[in-house]
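Asker: Return atomic coordinates for the entry below.
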Amino acid sequence: MAEQSRFRGGQKAPNNGVYIEKGETGSNVEGPEQIDMKAGDKFPENSNPERVWVNKRDLSRPGVQGRAND
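Answerer: You can find the predicted model right below:
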């Protein structure tokens, strides 16, 4: 089973890393907030309810063909 890759405020980070705000549909956000998280830390609320947290590391990995990489 695949690990969740989008997170909302109050959820726990699965891994250490830098997380960045993205639009819920995968769209980029102008001036996104970035946070450094440790595994088990709770995410803060997003500055906009239509945004989610994603691991910044995952943004540089190629996606599966025909599917958005988020």
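Asker: contacts, neighbours, all on C-alpha from now
Answerer: OK.
Asker: Quick one: the strands in this structure, in order.
Answerer: Counting by DSSP state E, the chain has strands at residues 17-23, 34-37, 51-55.
Asker: counting contacts, what elements does the shortest one pack onto?
Answerer: Using 3 or more C-alpha pairs under 8 Å, 6 or more residues apart in numbering; DSSP states H and E as the contact test, the elements touching strand 34-37 are strand 17-23.
Asker: Any idea what the residue at minimal distance from the centre of the chain is bridged to?
Answerer: Closest residue to the average C-alpha location of the chain: Val54 at 1.0 Å, with C-alpha atoms, centre = their mean. Assessed by DSSP bridges, Val54 has beta-bridge partners Ile20.
Asker: thought it was touching Phe7?
Answerer: Yes. Contact criterion C-alpha atoms under 8 Å: Val54 and Phe7 qualify, at 6.6 Å.
Asker: Adding distance to Glu45 and mean pLDDT, write the strands of the chain out as a markdown table.
Answerer: Shown next, in a markdown table, are these (distance: least, C-alpha to C-alpha, whole Å; pLDDT from 0 to 100):
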| stretch | distance to Glu45 | mean pLDDT |
| --- | --- | --- |
| strand 17-23 | 10 | 91 |
| strand 34-37 | 12 | 94 |
| strand 51-55 | 9 | 91 |
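Asker: pretty sure Asn16 is touching Lys38, no?
Answerer: Yes. Here Asn16 lies in contact with Lys38, judged by C-alpha under 8 Å, at a distance of 4.2 Å.
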